[in-house]
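Novice: predicted structure and sequence below. I'll ask about it afterward.
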Amino acid sequence: MESKPYLIFSLHDVQYGIDVNLVKEIFLLPELTPIAEAPIDIMGILNLHGRVLPIMHLDLRLGNSLQECRLSDSVIIVEWEGLQIGAIVDSVHEVKNIDSKLIETEIDYGRIRDTHPVFIAGVAKVDTDIIILLNPEGLIRQPDAIEDLIEAAKKEQKHTSKIDSPSLKLSQKNSAIVEYELLEDNRISEITRITSNFYISCCPNATPTEKAVFRQRADSLRQAITEEDSGVTEKIPIAVVGLNGEYFGIDLNVVREFTNVRNLTPIPCCPNHIVGNMNLRGEIVTLVDIRNTLNLSIAPIKTCSKAVVIDVNEVVAGLSVEEVFDVMYLHPSDMTTVSIAANSGSNTYLKGTASYSEKMLSILDLPKILTKGGLAVDEEI
């Protein structure tokens, strides 16, 4: 049977998949610019390398209620028939080849809660996992309307003026941009969400530090890619995480996924840095705390805190962190060697430092931490 690669991601602990060939880019959620007259599922627009893109929230697209956005949310840029649009999801996991014989396309959709048949291409049963495969054509409904939205956003950015209030005489195209509902008495009720503030509509409880991170992500994505700067392969992808109020960088090439700590089982007779075992969709992953290795104070790890699952030289483990802030590309020339006077943990386990959000970012040497950081348990029980 024919197999096909799908990008696997999650939303409220439900796994979804989309044809990986349609995915153009993935990044953590930045600050968005809301635009008047947008469809209800469009959270705003983003200037991505000089190109204006609409960003929808998958929750709203599937008809669910919107929950507060978080720094750890991701955006998946999907292209369909030449049109690109972003979708906000909880987290992105991996690319998985799924055999067509494992996919059921004739599904009783009345048994799948809070989804609409037009969005679902099928359901795949892979080992113990159930993965809902999305239909990209359904997600990008009425491409003409989205194109009009992009043009309107460009004009709004260019002239920095408000778009005129929509006429109640709707054309075929703008009826998809400004959605109206005909009531029983034939009155027209506007249901467009109009707000001028990303934080009010998406993350009202964001702290000043979190807002600065959202804004920095948007500034980074706004930069146009030139021929000189397009050598992204020369840059190192870094995941920025927080430990004890400090920023640390992890090479994204060894990161399998970001997740919340759930189903944690303590391991008897183990040192404090071995937090326990996590059941990650059927796979047992040991969660470790590297703060002691970095000469940082240790605090109890709670369920639903953050973890970074890494794979270093075929050693899979989860690293407990306070927060996942960002994913960035760092040029080696922007990284400096650690000075003797640096006080961000043990210099032995750092590759170097870089500037991030007006603070110092310490780049972790994970292979050295795992092999020489005293994390191995050698005692016999």
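Specialist: Done, it's in.
Novice: for the closest residue in space to residue 140 that isn't next to it in sequence, what are its contacts?
Specialist: Sequence neighbours aside, residue 80 is the residue nearest to residue 140 in space, at 4.8 Å (criterion: C-beta to C-beta, 6 or more residues apart in numbering). (Each C-beta comes from the backbone N, C-alpha and C, glycine too.) If you count contacts by C-beta atoms under 8 Å, 6 or more residues apart in numbering, residue 80 has them with 22, 136, 137, 139, 140, 143.
Novice: just checking, the first one touches residue 77?
Specialist: It stands for residue 22. No - counting by C-beta atoms under 8 Å, residue 22 sits too far from residue 77 to count as a contact (9.4 Å).
Novice: for this structure, give me the ranges with low pLDDT.
Specialist: Applying pLDDT under 70 to the chain flags the ranges 1, 107-117, 141-196, 224-234, 302-304, 338-346, 373-381.
Novice: picking up where we left off before, ok, of the contacts of residue 80, which one's closest to residue 6?
Specialist: Lowest distance from residue 6 to the contacts of residue 80 (C-beta to C-beta) belongs to residue 22, with 10.0 Å.
Novice: ok, so what distance separates the residue most central in space within the chain from residue 91?
Specialist: By C-alpha atoms, centre = their mean, the mean C-alpha position of the chain lies nearest to residue 74, the distance being 1.4 Å. When distance is defined by C-beta to C-beta, to the nearest Å, residue 74 is 6 Å away from residue 91.
Novice: any common contacting residues for the two?
Specialist: With C-beta under 8 Å, 6+ apart as the test, residue 74 and residue 91 both reach residue 9.
Novice: let me know the closest of the contacts of residue 80 to residue 209.
Specialist: Distance to residue 209 across the contacts of residue 80 (C-beta to C-beta) is lowest for residue 139, with 32.7 Å.
Novice: where along the stretch 51-200 of the chain do the strands fall?
Specialist: For the stretch 51-200 of the chain, applying DSSP state E, counting those that start in this stretch gives strands covering 51-57, 74-80, 83-89, 91-99, 103-104, 120-126, 129-134, 180-182, 188-190.
Novice: what would those look like in JSON lines with distance to residue 17?
Specialist: Below are these laid out as JSON lines (distance: least, C-beta to C-beta, whole Å):
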{"stretch": "strand 51-57", "distance to residue 17": "18"}
{"stretch": "strand 74-80", "distance to residue 17": "11"}
{"stretch": "strand 83-89", "distance to residue 17": "11"}
{"stretch": "strand 91-99", "distance to residue 17": "7"}
{"stretch": "strand 103-104", "distance to residue 17": "10"}
{"stretch": "strand 120-126", "distance to residue 17": "7"}
{"stretch": "strand 129-134", "distance to residue 17": "5"}
{"stretch": "strand 180-182", "distance to residue 17": "32"}
{"stretch": "strand 188-190", "distance to residue 17": "35"}
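Novice: residue 372: which of the ones you listed is closest?
Specialist: strand 91-99 (28.7 Å).
Novice: thinking again about what came up before, nearest to residue 369, of the contacts of residue 80?
Specialist: residue 22 (36.9 Å).
Novice: hang on, the earlier thing: for residue 93, see how far away the residue nearest to residue 140 is.
Specialist: According to C-beta to C-beta, residue 80 stands 22 Å off from residue 93.
Novice: what's near enough to touch residue 18?
Specialist: By C-beta under 8 Å, 6+ apart, the contact set of residue 18 is 6, 7, 9, 76, 78, 133, 134, 136.
Novice: can you count the residues close to the residue lying closest to residue 2 once chain neighbours are set aside?
Specialist: Nearest-residue entry for residue 2: residue 100, 5.1 Å, with adjacent residues in sequence omitted and distances by C-beta to C-beta, 6+ apart. Neighbour count of residue 100, defined by other C-beta atoms under 10 Å: 12.
Novice: what does residue 248 give?
Specialist: So residue 248, with other C-beta under 10 Å, has 26 neighbours.
Novice: quick one, phi psi at it?
Specialist: Note on residue 248: backbone dihedrals following degrees, to the nearest 10 are phi -130, psi 150.
Novice: just checking, it touches residue 366?
Specialist: No - here residue 248 does not reach residue 366: they are 10.4 Å apart, not a contact under C-beta under 8 Å.
Novice: before we move on, back to that, distance to residue 46 and neighbour count for the contacts of residue 18 - can I get that in TSV?
Specialist: Converted to TSV, the contacts of residue 18 look like this (distance: C-beta to C-beta, whole Å; neighbours: other C-beta atoms under 10 Å):
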residue	distance to residue 46	neighbour count
6	24	25
7	19	22
9	18	25
76	13	22
78	14	21
133	26	21
134	20	26
136	19	18
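Novice: can I get these in JSON lines with distance to residue 48?
Specialist: Shown next, in JSON lines, are the contacts of residue 18 (distance: C-beta to C-beta, whole Å):
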{"residue": "6", "distance to residue 48": "23"}
{"residue": "7", "distance to residue 48": "18"}
{"residue": "9", "distance to residue 48": "19"}
{"residue": "76", "distance to residue 48": "12"}
{"residue": "78", "distance to residue 48": "13"}
{"residue": "133", "distance to residue 48": "26"}
{"residue": "134", "distance to residue 48": "21"}
{"residue": "136", "distance to residue 48": "18"}
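Novice: no further queries at this time; thank you.
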